[in-house]
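S.K.: I'd like to go over a predicted model; first the sequence, then the structure.
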Amino acid sequence: MACTSCASAADGLPKGCKNNGTCGTDGCNKLTVFDWLGNMALPAEVSPFNVVEVRFKNGRKNYYKNADGVTLSIGDIVATEASPGHDIGQVTLTGELVRVQMKKKRIKEAVDELPKIYRKAGQRDIDIWHKARAREEAIKKESREIAIRLGLQMKISDVEFQGDGSKAIFYYTAEDRVDFRQLIKDFARAFNTRIEMKQVGFRQEAARLGGIGSCGRELCCSTWLTDFRSVNTAAARYQQLSLNPQKLAGQCGKLKCCLNYELDTYLDALENFPKSDVRLQTEKGTGVCQKIDIFKERLWYAYDGDWMQWYELSAEQVREIISINKKGKKVSSLEDYKVEVNLSTFEFNDGAGQDSLTRFDQPKKRRKKRRNKSRNQKRKPQPQAKSKQK
């Protein structure tokens, strides 16, 4: 998907296309869509769908009609209709797959009611666009200082200029309603442009800004995830995860979206699994479930009052005990049903089979005394042989 300029240079360092989000092959962009209908030809009597998908800064996308029949392909920079003036974006999808994407996103507007594409962007349009984009970081910093000075309980997360530089969109997050009438006046006076304030949620903010998750990959919401489904703590409970907010929360401060990825698998496995809240009645005492392992089909029980000793039982054995208890009978004890675990021992050696892992645990022998003895022997004068008297 990436272009050839993303390869490594002669010194081994990555070149980088330096297109700043306008890669011609669309391989470096966010929320890309693979056009699996691109190689399929339409029937002779069917006209191509005259709506294209255009992407702007970060993951913001919109659909525009190609009323003038301009020849467009993925990666083209186009000037689109905006209010007021025009905007500059990149074509990310064309053809029949655009119709599928519009249906997926539930866009019910008719094609004639959609905004239109004016033309392919010229060099002058691109220069104005890049000049406006270069101002965004400085304006974002200054806008935050103005909001703090006015004492508003809000966070300005991102600033996006329109392609012609006539309007700036300020994305912000806030817990409560914010009266930013004075803020807009100060922004218009400081930045000399039209101001539009747009409130986004915390998940949408993380999707716009992007980042690296705890898994080491880019955030799903900024790369491929397009719909935000609700995530609750029940998803963590079904997967036997500790309810630690610091580990379960993502960069948006909400529960991680990936908690829903494997939830259906756990729910399917729990359908025929014994309920953990059912107590086992034995003659020795009442067995209470302490821990379960869904995929190994193991449950750990302890007697009520004796919580230190756990007994490992299989799911089939637990179902058997529950069926006996339903008949009004009790089993003798949990020890009769516990699973015997064979722990095999291993001997670790190096490749030659000589060194032991505990060889560094024993203290080294001191050789200082030997060295001193050897030195004393060298310093000790040797007895001279008496000369024989003649």
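M.R.: Looks like it came in fine.
S.K.: Counting by contacts, list what the helix or strand hosting residue 184 packs against.
M.R.: Following DSSP states H and E, the helix or strand that holds residue 184 is helix 181-191. Using 3 or more Cβ pairs under 8 Å, 6 or more residues apart in numbering; DSSP states H and E as the contact criterion, the elements in contact with helix 181-191 are helix 136-149, strand 167-173, strand 194-199. C-beta: built from backbone N, CA, C; applies to glycine.
S.K.: those strands in the stretch 151-300 of the chain, which residues are they?
M.R.: With DSSP state E, counting those that start in this stretch, the ranges of strands along the stretch 151-300 of the chain come out as 155-161, 167-173, 194-199, 280-281, 286-293, 298-303.
S.K.: Next, format those strands as a markdown table and append mean neighbour count.
M.R.: As requested, the strands of the stretch 151-300 of the chain are exported to a markdown table (neighbours: other Cβ atoms under 10 Å):
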| stretch | mean neighbour count |
| --- | --- |
| strand 155-161 | 20 |
| strand 167-173 | 21 |
| strand 194-199 | 15 |
| strand 280-281 | 21 |
| strand 286-293 | 16 |
| strand 298-303 | 20 |
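S.K.: so how far is residue 61 from the residue nearest to residue 221 when sequence neighbours are not counted?
M.R.: Among residues not flanking residue 221 along the chain, residue 207 sits closest, at 3.9 Å (Cβ to Cβ, 6 or more residues apart in numbering). Separation of residue 207 from residue 61 (Cβ to Cβ, to the nearest Å) stands at 12 Å.
S.K.: So for those two, which residue has more residues nearby?
M.R.: A side-by-side neighbour count of residue 207 and residue 61, using other Cβ atoms under 10 Å, places residue 207 first with 25 against 19.
S.K.: picking that back up, quick one: closest of the strands of the stretch 151-300 of the chain to residue 245.
M.R.: The minimum distance between residue 245 and the strands of the stretch 151-300 of the chain falls on strand 167-173, with 18.9 Å, by Cβ to Cβ.
S.K.: That closest one packs against which elements?
M.R.: Packed against strand 167-173 by the contact rule (3+ Cβ pairs under 8 Å, 6+ apart) you find strand 155-161, helix 181-191, strand 194-199, helix 202-209.
S.K.: Other residues contacting the helix holding residue 184?
M.R.: Contacts with helix 181-191, where a contact means Cβ atoms under 8 Å, 6 or more residues apart in numbering, come from 139, 142-143, 146-147, 150, 152, 168, 170, 194-195, 197.
S.K.: can you redo these as a markdown table with pLDDT and distance to residue 339?
M.R.: Formatted as a markdown table, the contacts of helix 181-191 follow (pLDDT from 0 to 100; distance: Cβ to Cβ, whole Å):
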| residue | pLDDT | distance to residue 339 |
| --- | --- | --- |
| 139 | 94 | 65 |
| 142 | 95 | 66 |
| 143 | 94 | 63 |
| 146 | 94 | 66 |
| 147 | 94 | 62 |
| 150 | 93 | 66 |
| 152 | 92 | 61 |
| 168 | 93 | 66 |
| 170 | 95 | 61 |
| 194 | 93 | 71 |
| 195 | 93 | 68 |
| 197 | 93 | 62 |
